[in-house]
Structure formats: C-alpha cells, structure tokens
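Participant: What shape does this take:
(chains A and B)
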Protein chains: 2
Amino acid sequence: MASKGKREGREKESASALAEGVVAGDKRSLARAISKIERGDENLPALFSELYPRTGEAITIGFTGPPGVGKSSIIAKLIRLYRDEDKKVGVVSVDPSSPFTKGAILGDRIRLADHFLDKDVFIRSMGSRGHLGGLAAASRLAGMTMEAAGFDVILYETVGVGQGEVEVASAADTVVLCLQPGAGDAVQALKAGVMEVADVFCINKADHPQARGTAAEVRSILEIGHELDPDAPVPPIVLTRGDTGEGVAELEKAIEAHRGHLIETGGMERRRRASLRDFVISWATGRLEKEMEERLRGEDADVMERVYERRLDPIAASGKILRQA
Amino acid sequence: MASKGKREGREKESASALAEGVVAGDKRSLARAISKIERGDENLPALFSELYPRTGEAITIGFTGPPGVGKSSIIAKLIRLYRDEDKKVGVVSVDPSSPFTKGAILGDRIRLADHFLDKDVFIRSMGSRGHLGGLAAASRLAGMTMEAAGFDVILYETVGVGQGEVEVASAADTVVLCLQPGAGDAVQALKAGVMEVADVFCINKADHPQARGTAAEVRSILEIGHELDPDAPVPPIVLTRGDTGEGVAELEKAIEAHRGHLIETGGMERRRRASLRDFVISWATGRLEKEMEERLRGEDADVMERVYERRLDPIAASGKILRQA
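Facilitator: Got it, this is the predicted structure:
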C-alpha cells in the first residue's frame, strides 16, 4: 500500500511537471504530452485535469476533403496569414492508416515543411487507430493540449471523406471542406455526409478550367439543402490556389465570418457543448470496450465459446457481459 | 404486472412467429425482420435468440472498393454463377449516407435489377447510420437473418474504402477488394487499410489499357506485405469485366480456393470467432453509449455543465458517468 501510494505520488508529480512544461510553452513537453495521448498513458487523466482549465480560447478549424485536393498547400498558406497576425498555430494532422499496423502514412507533410523551423507553429501527425475513445477523441485531446500550450489557432486536418474524418473535423468550431475541380468529388463528399458538416467550402486549383463549374455544382447542392432547412445559413464557397496563395485571405475571412456568426447566434456554445458531450461519451465507451475485450479473453472466455457453438446468441451474450461490467 | 407479463408474452409470441416465417423462407418475414434490425426494435433479442442457431453454414463474402469500379456489375454476374449452382443468394448492400439524415442513397442498385424477380435472390440496402452497435453489427445481423432464412451465399457489399466499410466487409469469411485500372486507387486503398483485409483482389474493367499495370502495381504492394510477413499467403489478383462477365468465374474460383484454405488451416474458425467477438463487444458498447447519452441529457446534465465551464475535465467526467453505469 505504501509503495503504491508513493508510486501514485510520483506519477502525479510527473504529470504535474509535464503539464507545467506544456503550459509554459515548452515544445518537448508538448510533444511528450501528445505521445502520452497516442499511447493511452495511465497518467493521462492526471495530466489532463491540469491542462483542461487552460483550454477553450483558441480558434479551432477542421479541414477535410479527399486526398490530392491540395489541403496541405492551403493550410501552409493559411498558417502564414495567421503568423502575420502574430497568432501561434497548432496543426493536428490525421492520416489514414492501416487498422492493423497503427502506422501513420506521412503523405504530404512535406508541404508544411516551410513552417517546421517556426517555433510558433507546431505540427503533429496522428495515426488513425489504436486510440482509446477513437481517433476523434485522441485528436481532440492533442488539439486541446496545444491550446493549453498557448496556441491561438488549432487546425485539425484530415485526409479522406469517411465517417471518421467527419468526426475529427466536426470537433472544430468551423469546418472547411476542400474539393478540387472535376466531376465526382462533390457528389462523393455528399454521399459521405461531409457536405452537411461543412461551414465553408474551398474549391482549390482555381485556375483549373472546371473550377467555376464545380463551385456552381456545390452551390446547387447547398441550395437544395437550404430549401429543406431555410434557417440554416448557406455556406460560402471560396476559390483558392494552394500554389500561389490566391483566395486564401478570402478563405480566412470566410472562416472568421462563420465564427462571428456562431458567437452571435449562440451556435458556438451549442456546438462546443455537443462536441464535449461526444468526447465524454466516446472516451467512456472506449474504456468500457477495452474492459470488455480483456474480460472476453480472460474470465468470460466461455461466453464466446457458447456463442461460437450456437448455444448462446450474440445479442444475449452482449447482455451478459454488460451485466458484469 | 399482469398486463406487463401479458404484453411480454405477446411480444415474444410475435418474435417467435416472425422467426418462424424467416426460417420458412418467407420473404416478407425476412424483410420485416431486417427492418426490425434497422430500427433497433425491442423484440430483436427475442427474435435473434431463435434465428441465431440456424446460422453459420453460409458462404459469406465481403465486397469492397471505391465507388465507380463496377462492383455491382461483378456481383450481378457472380450471383448468376451461384444461381446456376442452385445456391440461394442474399446481398446486404451498405450505402454511404449522411450522418444526419440516416437516409441511404441507392446508387447503382439498378444493376442488380436482373435478379429482383428471382425468388432465391434477396437484396437489401442499409443506410450507414443510427444503428445500435454500429453499421457493421447491423449489417451482420441482416446477413445472419438471411442465413437463417436458408440463403447459401451472403454477399456484404460496401461502397467506399473507409474504416467503416472495412469493418462491414471483414465480418465475411472472404473479403474481395475491387479496384479499377488507373493510378491512385490502389494507393488510396492501401492508405485506408483495406489492402490488408483483402483476401482476393479484383481489377475490374480488364479491357482498360491500364488494367495490367494496375494489377502489377497491386502485386508489388502485396509482395512487400509478404516479405514483412512470409507466413501470410499472397492474395490472388483476378482481372474481370463486369459488362461481359469475363473473369467472374475465375473470381468465384479464387473465393472458393480462399475458403478451402481457411477451412484447412483452421483460419476459418479463428476468423469467425474474432468476428463474433467483435460483434458482441460492439453491440454491448452501442447499448452503453445509448444509455450514457440518455443520462447526460437527463439526470447527469450537470456533469456536462461542469465540463463546459472548465470545472471538470472531460476524462474525469467520463469516469463519473462510467461509475454510474
């Protein structure tokens, strides 16, 4: 007991020391704290109880869209604008990765390389699996850790237009959906449910001959949505060029305007409350899932044996492990 | 109490009657049973305890791949082959849909129209949201219901290459990944983690000039995987034409060969056990999630209030609602 108490004391102290480093803006502390999130470290609760009160002030923006549209180039240009305003920028970049290897493919991180030497820009890639509470929860914790470290703007970047990407991006105050000119992209985004979470649309590669056509296509889809729900604002569509930076200042303005509208209408509070509730539930669910997995491998292995032999159906089996939870 | 007992008796009776209809192969009963799955009907546990013992004999195949590769055409041709062998075929078709509207977009269902009048083919589309335990669990229940109704082959078709689609397809004994000729598709599938769950690769549009190049690209990716894990078999790559049916017989043989290999090596049992365990856990998790959501809206609303006001951190909040679960 004494040694357990001592160990707990040490752990708490180390979490406190790390939290102190993060809050002081020490980048190594920040990196280590995010690694703890990725590992699901046992000190996370202690660490987070100290960091969380320091969060909630940052501008948070989710960037999503299919691979290859040039999100990283736009983000690189946007970071420059925020840096010109002397804002510190954190980027949580979520790469799709294997469900088995847990490895993140560092696709086009290279485009953000301009900012690697800027001490007021912090970029972190996260793999898409193996996180307690899911990737959206882990990304959110990483972003909040950056907030606690004093970053003014947090960008959540996801590659892809699946459900998981939507969840990551939707945790932000403003969601930007990036598309490129050409048929299909908008329709695919619509199918994946991304169109409905997007607050600002960005059509990149504005010099492409089909750019205006794609913008018109997106606009017509959005207008149908507006007819169905006249209270919902029609999101702005901004044409950009990631290579030259053209249109990126307009994009920043559109994001800022959305943010202003949210604050004015009380939408910000609703959105943040919903996002925190989602986090709490997915974190709790993740913990339970882990517990159940362990039990089914251990003491409750016979339950699965009976299911496999068709003596117990899987819905009844879930009830059994729940009652023991 | 008396009336509650009576109602429970009636419900049980109605679940029994429905199960009887399903097992007798009545299509209306089958359709109603799957609707109960989609709605998360309260009779589901009673219904399923009767259906489950009748499952486990069917050949189950997961079909996944990006939109537009021609999966539905291949599936339509494959169904014809199974029908020639006098096998009854059930199709669970998972359409990507909005996270908010719950509606399924019935994309290319039309290609399966040939089989709509065949009483030994049953096709059911499922939307991708609002299912207790997630879409993979709901699709699995739908497939098992078809198994109980006497279908010999169950095809799980998903559109897209996200994590969700991987989960749906992986519940099957054999996973077929369909790609089309041209750069990018294979790499995107790799990024999404689909390559690693695929047992058989199908490059459709075999008449396309880049078809063999794409097959070679996939083969080289697979060989890298094989070098990393020499015990894993290298999945076969089959070139098909959905329009003419060319190569679909080879695809069927490759699926059968994979199945034979699984049975021989004991891989089938391992795979089915893992898949049932995943189902049980996600079903239990889904129930808990629903309970927690209700509680956070009701009796535990103050917990979220404190989180929102930064007086309680979200990890601690998740611990609080768990202890009350």
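Participant: that's a strand at residue A:69, yeah?
Facilitator: No: counting by DSSP: H, G, I helix; E, B strand; the rest coil, residue A:69 falls outside a strand, being coil.
Participant: Without its sequence neighbours, what residue ends up closest to it?
Facilitator: In space, and not counting its chain neighbours, residue A:69 is closest to residue A:180: 4.2 Å by CB to CB, 6 or more residues apart in numbering or on different chains. For the C-beta atoms, the positions are set from N, CA and C on the backbone; glycine is no exception.
Participant: just residue A:146 next, same as before
Facilitator: residue A:90 (3.3 Å).
Participant: what's the burial count for the one you found?
Facilitator: Under the neighbour criterion other CB atoms under 10 Å in any protein chain shown, residue A:90 is assigned a count of 28.
Participant: Can you give the distance from the one helix or strand it maps to to the centre of its chain?
Facilitator: Following DSSP states H and E, one finds residue A:90 within strand A:89-94. Mean C-alpha position of strand A:89-94 versus that of the full chain (CA atoms, centre = their mean, to the nearest Å) differs by 9 Å.
Participant: just to revisit the earlier point, ok, the residue nearest to residue A:69 to chain B distance?
Facilitator: To chain B, residue A:180 is 13 Å away according to CB to the nearest CB, to the nearest Å.
Participant: Tell me the spacing between that residue and residue A:79.
Facilitator: For residue A:180, the distance to residue A:79 (CB to CB, to the nearest Å) stands at 20 Å.
Participant: go on, residue A:298?
Facilitator: For residue A:298, the distance to residue A:79 - CB to CB - is 48 Å.
Participant: what about those two, which has more around it?
Facilitator: Set side by side, residue A:298 and residue A:79 show more neighbours around residue A:79, with 24 against 8, by other CB under 10 Å.
Participant: Then the more buried one would be within a helix, right?
Facilitator: Yes: according to three-state DSSP, residue A:79 belongs to a helix.
Participant: Ignoring the adjacent residues along the chain, who's closest to it?
Facilitator: With CB to CB, 6+ apart, the residue lying closest to residue A:79 is residue A:89, at 5.0 Å.
Participant: So the one you found sits against residue A:80, correct?
Facilitator: No: between residue A:89 and residue A:80 there is no contact, the gap being 9.4 Å when judged by CB atoms under 8 Å.
Participant: Between these two, tell me which one has more neighbours.
Facilitator: residue A:89 (26 against 16).
Participant: For the more buried one, list the residues it contacts.
Facilitator: A:79, A:82, A:83, A:115, A:120, A:121, A:122, A:151, A:152, A:153, A:154, A:155 (CB atoms under 8 Å, 6 or more residues apart in numbering or on different chains).
Participant: So is stretch A:219-237 next to chain B?
Facilitator: No: if you take CB under 8 Å from any CB of the partner chain as the test, stretch A:219-237 misses chain B, and the best it gets is 9.3 Å.
Participant: name the element residue A:60 belongs to?
Facilitator: Element membership for residue A:60 (DSSP H and E) is strand A:59-64.
Participant: Pairing partners for that strand, with directions?
Facilitator: Using DSSP bridges, strand A:59-64 pairs in its sheet with strand A:153-158 (parallel), strand A:174-179 (parallel).
Participant: count of residues packed around residue A:229?
Facilitator: Residue A:229: 7 neighbours (other CB under 10 Å).
Participant: Quick check: bridge partners of the residue nearest to residue A:146?
Facilitator: residue A:122, residue A:154.
Participant: which SSE is the nearest residue in space to residue A:242 that is not next to it in sequence in?
Facilitator: Nearest non-adjacent residue to residue A:242, counting by CB to CB, 6+ apart: residue A:73, 2.8 Å away. For residue A:73, the element it lies in under DSSP H and E is helix A:71-84.
Participant: quick one: that helix to strand A:174-179, angle?
Facilitator: Helix A:71-84 runs at 140 degrees relative to strand A:174-179, counting by axes from the mean of the first three to the mean of the last three CA atoms, to 10 degrees.
Participant: Which stretches in chain A count as helices?
Facilitator: For chain A, helices defined by DSSP state H occupy the ranges A:2-23, A:27-39, A:44-51, A:71-84, A:134-148, A:163-170, A:185-191, A:211-228, A:248-265, A:267-297, A:301-308, A:314-323.
Participant: Deepest-packed of those, please.
Facilitator: Across the helices of chain A, averaging neighbours per residue (mean count of other CB atoms under 10 Å in any protein chain shown) puts helix A:134-148 on top, at a mean of 26.
Participant: which other helices and strands contact that one?
Facilitator: Applying 3 or more CB pairs under 8 Å, 6 or more residues apart in numbering or on different chains; DSSP states H and E, one finds that helix A:134-148 contacts helix A:2-23, helix A:27-39, helix A:44-51, strand A:89-94, strand A:121-126, strand A:153-158, helix A:163-170, helix A:267-297.
Participant: The closest residue in space to residue A:273 that isn't next to it in sequence: what's it in contact with?
Facilitator: Using CB to CB, 6+ apart and skipping residues adjacent in sequence, the residue nearest residue A:273 is residue B:308, 5.5 Å away. Residue B:308 makes contact with A:269, A:272, A:273, A:276 under the criterion CB under 8 Å, 6+ apart.
Participant: Which of these sits closest to residue B:289?
Facilitator: Using CB to CB, residue A:276 comes nearest to residue B:289 of the contacts of residue B:308, at 15.7 Å.
Participant: my read: the closest one touches residue B:304, true?
Facilitator: Yes: contact status for residue A:276 versus residue B:304: in contact at 6.7 Å, counting by CB under 8 Å.
Participant: pLDDT (mean, whole number) over stretch A:225-233?
Facilitator: The pLDDT scores in stretch A:225-233 average 74.
Participant: JSON lines for the helices and strands packed on helix A:134-148, including distance to residue B:136 and mean pLDDT?
Facilitator: Formatted as JSON lines, the helices and strands packed on helix A:134-148 follow (distance: least, CB to CB, whole Å; pLDDT from 0 to 100):
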{"stretch": "helix A:2-23", "distance to residue B:136": "36", "mean pLDDT": "74"}
{"stretch": "helix A:27-39", "distance to residue B:136": "25", "mean pLDDT": "92"}
{"stretch": "helix A:44-51", "distance to residue B:136": "28", "mean pLDDT": "95"}
{"stretch": "strand A:89-94", "distance to residue B:136": "21", "mean pLDDT": "91"}
{"stretch": "strand A:121-126", "distance to residue B:136": "23", "mean pLDDT": "87"}
{"stretch": "strand A:153-158", "distance to residue B:136": "21", "mean pLDDT": "93"}
{"stretch": "helix A:163-170", "distance to residue B:136": "12", "mean pLDDT": "77"}
{"stretch": "helix A:267-297", "distance to residue B:136": "14", "mean pLDDT": "90"}
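Participant: Make JSON lines from these and add distance to residue B:41 to it.
Facilitator: Listed next are the helices and strands packed on helix A:134-148 as JSON lines, based on distance: least, CB to CB, whole Å:
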{"stretch": "helix A:2-23", "distance to residue B:41": "46"}
{"stretch": "helix A:27-39", "distance to residue B:41": "39"}
{"stretch": "helix A:44-51", "distance to residue B:41": "38"}
{"stretch": "strand A:89-94", "distance to residue B:41": "36"}
{"stretch": "strand A:121-126", "distance to residue B:41": "38"}
{"stretch": "strand A:153-158", "distance to residue B:41": "35"}
{"stretch": "helix A:163-170", "distance to residue B:41": "24"}
{"stretch": "helix A:267-297", "distance to residue B:41": "22"}
